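>>> Need coordinates for the below:
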Amino acid sequence: MNALPGNPHHYEAHMDAPNGYYQVAQATLALAFEQRTANIIAMAAQCTANGRKELGHPFIEEAGERLGFGAES
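Sure, this is the predicted structure:
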């Protein structure tokens with residue numbers, strides 16, 4: 001599985017940990033992060049397709065940050 005650059009849980013899911021449950025929890029959180037990102041992209045696309053770009057703009061910004069395209073602070 002290739003993780004999104006901004007996924008904070010991916011690395012910890014692949015670390016050696018004394019408790020396998022921790023790794024399973026981190027892998028679940030990593031998957032949830034990526035699914036949420038996919039939903040944000042779909043929402044941005046839906047708003048844009050319906051001619052409501054102003055409603056889709058916040059979703060586009062958040063998706064960009066999650067994909068690693070956000071502005072560095």
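>>> So which residues make contact with stretch 51-58?
Met43, Ala44, Ala45, Gln46, Cys47, Thr48 (C-beta atoms under 8 Å, 6 or more residues apart in numbering). Using the backbone N, CA and C atoms, a C-beta is placed for each residue, glycine as well.
>>> buried subset of the residues you listed?
Buried members of these, scored by 16 or more other C-beta atoms under 10 Å, are Met43, Ala44, Cys47.
>>> Closest one of these to Arg66?
Nearest to Arg66, judged by C-beta to C-beta, of the buried ones among the contacts of stretch 51-58 is Ala44 at 11.3 Å.
>>> Quick check: which element contains that closest one?
Ala44 is part of helix 20-49, with elements assigned from DSSP states H and E.
>>> can you put the contacts of stretch 51-58 in JSON lines and add pLDDT and distance to Gly68?
Shown next, in JSON lines, are the contacts of stretch 51-58 (pLDDT from 0 to 100; distance: C-beta to C-beta, whole Å):
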{"residue": "Met43", "pLDDT": "89", "distance to Gly68": "19"}
{"residue": "Ala44", "pLDDT": "88", "distance to Gly68": "16"}
{"residue": "Ala45", "pLDDT": "89", "distance to Gly68": "19"}
{"residue": "Gln46", "pLDDT": "89", "distance to Gly68": "23"}
{"residue": "Cys47", "pLDDT": "86", "distance to Gly68": "22"}
{"residue": "Thr48", "pLDDT": "84", "distance to Gly68": "21"}
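>>> picking up where we left off before, now tabulate the buried ones among the contacts of stretch 51-58 in a markdown table and tack on distance to Glu62.
Below are those laid out as a markdown table (distance: C-beta to C-beta, whole Å):
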| residue | distance to Glu62 |
| --- | --- |
| Met43 | 9 |
| Ala44 | 8 |
| Cys47 | 12 |
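>>> Out of those, which comes closest to Gly64?
Nearest to Gly64 among the buried ones among the contacts of stretch 51-58, counting by C-beta to C-beta, is Ala44 at 9.5 Å.
>>> my read: that closest one touches Ile60, true?
Yes: under the criterion of C-beta atoms under 8 Å, Ala44 makes contact with Ile60 at 4.6 Å.
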